[in-house]
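Asks: build me a model from this:
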Amino acid sequence: MTTSILLRGRALLLALLALAVPMTALAAGENYGRVSGYVYDPTGAPLAEVPLTISGPALQQPVSRTSGEDGRFEFNQLPPGEGYALEVKVEGFTPIKKTGIIVRLGQNTPVDVKLEVFTETQAVATYEIVEKVNPIINPDSAQTGAVMTAEKAAATPIFNQVQAIPQLVAGVGPGNSPSSRGGLARWGKFYVDGMDTTDVSDGSITATMNYYAVENFEVITGGLDAQYNALGMVENVVTKSGSNKFTYDVSLILSPAWSNAKAQFASDQATGTGNFTQNETKQAATTFYAPLVAVGGPIIKDKLWFYASGQWNLSHQETPLTINGAQENRPKDTQTKLARLKLTWQPTSQDRVSVALNVDNNTITNNISSAATSPDAESRIDRGGYFLIGNYDHNFTDNVLFQLQTGATYKQAYFGPQNDDLDGVSHADRNNNFFTTGSSGSLSSTIAGNYSNENKWRFQFDPTLLFKAGAHNMKAGVQLGYLTGKLNVGTTGNVRYDDVGGICNPDDASTFAFCNARTSYYNVNGELGSLTTSASVAQLGAFFQDRWNVNRHLTVVAGLRADVGRVYSNDNAFVTNLVGIGPRLSATYDITGDRKTLLKAHYGRSNEVGDVFIAQHANPDILQVQSTFDKTAGAFPECTPDSTTTTGCRISGGANGRSFDKTHTPPSVDELSLGLHREVAEGAVVGADVTYRRYNNMWIDDEVNQIWDPTGTKITDYVDGQAHSVVRIRNPDDAWRDYKGLDLWAQGKTGGWDLLASYTLAFSNGTVGSYFDGYGSNPRMKYLYEGPTPDDIRHTIKGAISYTTNFGLDFGLRFRYLTGTPLWMNQSLTNPNTTLYRSPRGTGYAINRGSPNFNDPSSVSELRNPDQFLMDAQARYDVGRLFNMSNKLELTLMVVNALNNTDPTTLYDRYTTGTTSTYGLTRFRNRPLQAELLLRFRN
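Replies: You can find the predicted model right below:
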């Protein structure tokens with residue numbers, strides 16, 4: 001009780017501290033962009049003390065600066081946007097105005113100014129107007145990735161999800177929680193308005209948000225500045241803020257059943273399943289509807305503004321299933337409700353404050369939708385979250401800026417029975433492909449029970465100081481974070497049956513032939529019931545970075561950060577400290593001196609100092625006591641948590657002998673990259689980036705008590721003489737991954753075309769596919785684990801291309817080709833309950849009629865999923881132009897999977913003997929064609 005109170009008290013103290021101080025951004029993620037350049041005379045000599053003024057629709061008022069001794073000027077902390085104009089007026093020179101400047105999130109826009117001498121033949125010193133079409137090229141940073149505006153995102157045929165944008169960028173894998181350059185998917189980071197909103201345990205986004213409330217999407221894949229500590233990709237989004245102009249944005253997405261192709265069979269069934277000669281079952285249907293509303297404007301003109309948005313997604317998706325010879329279309333209904341409010345206050349020209357609240361809720365019925373699950377054994381999801389973000393900026397001088405970012409996130413996720421009946425007993429029939437009735441057998445391979453409820457919090461407090469001295473732009477900051485979570489896991493009825501050929505009832509002798517095994521579930525007190533555990537991590541990061549503009553050709557960025565994590569398990573029990581140092585050094589060289597050809601190099605290290613998932617791994621699992629039916633006695637033996645030697649009883653879970661080593665080297669990544677970027681046309685850039693990454697000291701479960709026979713299939717003895725497992729949670733040097741990749745890419749706008757396209761050649765290898773994936777559980781199989789990692793995609797081609805006409809019509813096309821990811825033939829051992837591998841990772845044995853010959857190494861071959869090619873398309877027309885409307889009334893038709901490619905994407909790689917083996921059959925398929933009609937009215 002005392003430790004629980006202390007835990008809540010510490011969390012409350014951090015929350016109050018975070019909300020009681022002025023609030024900010026940038027310490028974790030950028031919220032702004034920059035414009036910089038050099039002022040020089042007709043001879044090329046630099047001009048000092050030249051006054052410059054920049055203005056734009058994203059600024060409340062113009063900003064002025066003067067050039068330095070070397071002629072360099074810089075405007076920091078500019079809100080991302082288009083239509084900026086730079087004015088220079090110096091006595092003796094012709095005034096000049098450069099217009100059309102675009103400021104991109106987290107990047108520097110280069111704008112050089114050449115002044116011409118004013119001659120006496122000119123009657124009036126009028127402005128020389130220069131339309132600046134600035135390229136997507138950043139001379140001040142070696143970061144790799146891409147920045148997309150809201151307009152580029154809207155012109156791309158992709159489902160309206162903030163977390164879906166990174167997969168468009170070179171080096172990033174598919175999916176909404178993608179892996180990046182050989183890293184784990186869980187290493188991705190999601191920032192909103194500069195604050196880390198990443199889920200504290202699985203690396204997803206804590207709470208999704210309204211897609212159209214975002215102004216800019218920045219995706220960083222490498223070359224991280226010292227302010228970031230991430231082993232994977234970083235997505236940083238800056239949301240829209242109100243202004244003195246009242247704005248509105250109203251949308252409606254319509255996707256009725258008739259606009260979507262019908263699925264013929266489910267992903268997890270064999271190709272021939274359900275192909276009846278006369279099938280009268282209606283084909284499975286898919287529908288989707290979503291209204292979206294957003295408004296913004298002034299509350300107090302020139303002082304206080306607001307932006308509010310809401311969204312409601314309604315999805316209905318049927319899965320065609322064939323169960324025991326009968327076909328059904330099982331409905332899966334999903335609802336997602338999103339709401340967001342952002343307030344921005346500028347009390348003085350030196351101070352700016354913003355506060356934002358985001359709320360979401362998501363429910364899914366019939367979440368399993370599997371042919372191995374009866375309707376009464378279905379499950380549902382009910383989850384939601386929020387994040388509260390505060391940003392405060394204060395300019396002490398033109399060269400000194402203080403920023404403070406603070407906020408909190410919360411996420412709750414419930415997975416459980418469709419009917420909320422926590423007393424329903426689960427039965428799985430192993431003679432019928434483990435068909436489950438009563439209640440869902442399990443939620444996932446990582447959850448022992450069939451219902452769970454998790455609550456997770458993050459509290460963040462990140463002050464940063466930015467200051468300029470001559471050619472040096474420096475920043476230093478501290479990042480304080482507290483991550484905590486509570487998890488409740490259980491099994492309905494506290495018991496689960498593994499039956500054979502029917503439903504076992506131990507009280508009915510007529511069902512004894514069906515009885516095989518029964519598992520009962522106990523908490524830490526040895527009582528039948530669910531298990532509740534807690535975990536937390538306190539994080540401290542500090543960094544310093546100097547961006548030194550050596551001259552017009554060379555920029556060097558050097559930085560250093562230190563990170564510390566203190567990991568706590570159940571009831572606030574201290575587990576371990578994790579400490580990491582992350583040096584960063586990069587250089588950008590302008591080869592041709594015209595800001596059009598850049599050579600970039602980078603080295604950096606990031607360290608992972610723990611999260612709630614790691615901390616929870618130190619906690620006990622729910623205790624499972626299995627009893628095997630005694631057919632002679634016609635009863636199950638009386639097995640309890642103390643039945644360690646009783647015949648027919650087996651115990652697993654609980655504390656399980658699992659503990660952390662005393663000291664740890666935290667997981668880290670070392671990155672080396674080299675890039676060559678070239679502007680090939682005004683506003684268009686091509687590039688080549690070569691990257692090597694080494695991921696070190698990953699988390700594994702190292703079993704240290706079991707002694708295996710030479711085949712690795714049988715335990716012959718135990719080190720301590722007791723028949724149990726002892727696991728040390730470690731970060732050994734032999735738990736690693738590496739990545740070698742080449743990205744060839746193009747991005748930019750030229751004429752009516754807007755292009756983001758890339759080709760990636762990559763090789764990802766290692767010994768660990770994911771944390772605690774089995775490496776270390778059986779020393780006889782350890783050598784087999786080295787090979788291509790599960791996300792090793794050798795060739796990737798992808799593009800997002802749009803074309804805009806001058807009469808209100810534009811087209812968008814998205815395509816991606818990915819070679820298949822590795823599979824790994826495996827088998828299931830029952831005693832002990834583990835997975836058996838007989839060939840190296842990414843391979844399997846050939847099967848020529850019957851069973852594979854596991855004693856013939858020559859029959860081992862590479863094993864991969866099928867290649868994938870998908871294409872999406874959209875057309876958008878501004879109907880308002882027909883009526884000379886000043887606002888936009890847009891009609892968009894988007895077709896996802898336009899080729900209706902329902903080919904398999906993933907195959908089963910678990911081999912079993914007999915007719916029930918699914919080895920080599922389809923596990924997942926592409927979803928069929930889906931069309932959406934979007935109506936959008938905005939100013």
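Asks: pull the helix or strand with minimum mean pLDDT from the protein.
Replies: Here the helix or strand of the chain ranked lowest by mean pLDDT, DSSP states H and E is helix 2-20, holding a mean of 40.
Asks: check which helices and strands whichever helix or strand comes after that helix sits against.
Replies: Downstream of helix 2-20, the first helix or strand assigned by DSSP states H and E is strand 33-40. Secondary-structure packing of strand 33-40 (3 or more CB pairs under 8 Å, 6 or more residues apart in numbering; DSSP states H and E): strand 72-78, strand 81-88, strand 96-103, strand 108-110, strand 113-114. For glycine as for every other residue, the C-beta is placed from the backbone atoms N, C-alpha and C.
Asks: quick one: contacts of strand 33-40?
Replies: Here strand 33-40 makes contact (CB atoms under 8 Å, 6 or more residues apart in numbering) with 46-47, 50, 52, 54, 67, 70-80, 84, 86, 88, 101, 103-115, 140, 549, 552.
Asks: off-centre distance for it?
Replies: Averaging C-alpha positions (CA atoms, centre = their mean, to the nearest Å) puts strand 33-40 34 Å from its chain's average.
Asks: what does stretch 616-635 give?
Replies: 36 Å.
Asks: span of that stretch from start to end?
Replies: 37 Å (CA to CA, to the nearest Å).
Asks: report the buried residues of that stretch.
Replies: Residues 616-629 are the ones in stretch 616-635 that count as buried (16 or more other CB atoms under 10 Å).
Asks: then stretch 332-340?
Replies: For stretch 332-340, the neighbour count (16+ other CB under 10 Å) marks 332, 334, 336, 338-340 as buried.
Asks: how about the helices in the stretch 101-250 of the chain?
Replies: 150-154 (DSSP state H, counting those that start in this stretch).
Asks: hey, where'd the strands end up in it?
Replies: Remark: strands assigned in the stretch 101-250 of the chain by DSSP state E, counting those that start in this stretch are 108-110, 113-114, 128-131, 144-149, 189-192, 195-196, 214-222, 234-239, 247-255.
Asks: so which of the buried residues of stretch 616-635 sit within helices?
Replies: Judged by DSSP state H, helices contain the following of those: residue 616.
Asks: from the buried residues of stretch 616-635, pick the one nearest residue 507.
Replies: residue 629 (13.1 Å; CB to CB).
Asks: which ones are touching that closest one?
Replies: Here residue 629 is in contact with 504, 512, 515-518, 635-636 (CB under 8 Å, 6+ apart).
Asks: picking up where we left off before, the buried residues of stretch 332-340 into TSV, with extra columns for distance to residue 795 and pLDDT?
Replies: Below are the buried residues of stretch 332-340 laid out as TSV (distance: CB to CB, whole Å; pLDDT from 0 to 100):
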residue	distance to residue 795	pLDDT
332	33	94
334	33	96
336	34	94
338	36	94
339	42	94
340	39	93
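Asks: thinking again about what came up before, CSV for the contacts of residue 629, including distance to residue 938?
Replies: Below are the contacts of residue 629 laid out as CSV (distance: CB to CB, whole Å):
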residue, distance to residue 938
504, 61
512, 69
515, 64
516, 62
517, 61
518, 60
635, 71
636, 66
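Asks: one step back: which one, of the helices and strands packed on strand 33-40, ends up nearest to residue 718?
Replies: If you check each of those against residue 718 by CB to CB, strand 108-110 wins as the nearest, at 61.6 Å.
Asks: same for the closest one, what does it pack against?
Replies: Looks like strand 108-110 contacts strand 33-40, strand 96-103 (3+ CB pairs under 8 Å, 6+ apart).
Asks: what's the closest of those strands to residue 562?
Replies: That would be strand 33-40 among the helices and strands packed on strand 108-110, by CB to CB, at 26.4 Å.
Asks: with just CA atoms, put the closest one into CSV.
Replies: Listed next in CSV are the C-alpha coordinates belonging to strand 33-40 (Å, rounded to 0.1, in the frame of the first residue of the first chain):
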residue,chain,number,x,y,z
GLY,A,33,11.9,26.4,-39.7
ARG,A,34,14.7,28.8,-40.6
VAL,A,35,15.6,31.2,-43.4
SER,A,36,19.3,32.1,-43.8
GLY,A,37,21.8,33.3,-46.4
TYR,A,38,24.5,35.8,-47.3
VAL,A,39,24.3,39.4,-48.4
TYR,A,40,27.0,40.4,-50.9
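Asks: got the buried residues for stretch 101-121?
Replies: Of the residues in stretch 101-121, those buried (16+ other CB under 10 Å) are 101-113, 115.
Asks: which among these gets closest to residue 611?
Replies: residue 106 (24.3 Å).
Asks: ok so, going back, and of the buried residues of stretch 101-121, the nearest to residue 95?
Replies: Of these, the one sitting nearest to residue 95 (CB to CB) turns out to be residue 115, at 9.0 Å.
Asks: that closest one contacts residue 96, correct?
Replies: Yes. Under the criterion of CB atoms under 8 Å, residue 115 makes contact with residue 96 at 6.7 Å.
Asks: and the buried residues of stretch 616-635, which two are the farthest apart?
Replies: Most distant of the buried residues of stretch 616-635, by CB to CB, are 618 and 629, 35.1 Å apart.
Asks: quick one: contacts for the most centrally placed residue in the chain?
Replies: Nearest residue to the geometric centre of the chain (CA atoms, centre = their mean): residue 177, 3.3 Å. By CB under 8 Å, 6+ apart, the residues touching residue 177 are 163, 185-186, 188, 202-204.
Asks: grab the longest strand from the protein for me.
Replies: The single longest strand within the chain, with elements called by DSSP state E, is strand 326-348.
Asks: tell me the angle of it relative to strand 234-239?
Replies: 60 degrees (axes from the mean of the first three to the mean of the last three CA atoms, to 10 degrees).
Asks: chain center to strand 326-348, what's the gap?
Replies: 17 Å.
Asks: what is it packed up against?
Replies: By 3+ CB pairs under 8 Å, 6+ apart, strand 326-348 packs against strand 304-323, strand 351-364.
Asks: among those, which comes closest to residue 457?
Replies: strand 351-364 (14.9 Å).
Asks: which one is residue 739 nearest to, not counting chain neighbours?
Replies: residue 182 (2.6 Å; CB to CB, 6 or more residues apart in numbering).
Asks: quick check: that neighbour touching residue 694?
Replies: No. Contact between residue 182 and residue 694 fails when scored by CB under 8 Å: they sit 9.1 Å apart.
Asks: which of these two has more residues huddled nearby?
Replies: residue 182 (27 against 16; other CB atoms under 10 Å).
Asks: tell me who's in contact with that one.
Replies: Per CB under 8 Å, 6+ apart, neighbours of residue 182: 693, 695, 737-739, 741, 762, 764, 766, 789, 791.
Asks: ok, and the most crowded of those residues?
Replies: Neighbour-wise, those (other CB under 10 Å) top out at residue 695, 27 neighbours.
Asks: give me the secondary structure label for it.
Replies: Following DSSP: H, G, I helix; E, B strand; the rest coil, we place residue 695 in the strand state.
Asks: pretty sure it contacts residue 179?
Replies: No. Counting by CB under 8 Å, residue 695 does not reach residue 179; the two are 11.1 Å apart.
Asks: and the strands in the stretch 501-650 of the chain, which stretches?
Replies: Under DSSP E, counting those that start in this stretch, the stretch 501-650 of the chain gives strands at 517-522, 531-549, 554-569, 573-590, 597-607, 621-628, 649-654.
Asks: now swap in the stretch 651-800 of the chain and tell me
Replies: Going by DSSP E, counting those that start in this stretch, the stretch 651-800 of the chain shows strands at 658-660, 668-681, 684-696, 700-703, 706-708, 715-718, 727-730, 737-750, 753-766, 787-788, 795-804.
Asks: for the second one, C-alpha coordinates in PDB please.
Replies: Read it as strand 668-681. What follows is strand 668-681, C-alpha atoms only, in PDB (Å, rounded to 0.1, in the frame of the first residue of the first chain):
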ATOM      1  CA  SER A 668      22.000   1.700 -28.800                       C
ATOM      2  CA  VAL A 669      22.500   2.400 -32.500                       C
ATOM      3  CA  ASP A 670      25.600   3.700 -34.200                       C
ATOM      4  CA  GLU A 671      25.000   5.400 -37.500                       C
ATOM      5  CA  LEU A 672      27.300   6.300 -40.300                       C
ATOM      6  CA  SER A 673      25.900   8.000 -43.400                       C
ATOM      7  CA  LEU A 674      27.100   9.800 -46.500                       C
ATOM      8  CA  GLY A 675      24.900  11.600 -48.900                       C
ATOM      9  CA  LEU A 676      25.000  13.600 -52.100                       C
ATOM     10  CA  HIS A 677      22.100  15.900 -52.900                       C
ATOM     11  CA  ARG A 678      21.700  18.000 -56.000                       C
ATOM     12  CA  GLU A 679      19.100  20.500 -57.200                       C
ATOM     13  CA  VAL A 680      18.200  19.500 -60.700                       C
ATOM     14  CA  ALA A 681      15.500  22.100 -61.300                       C
END
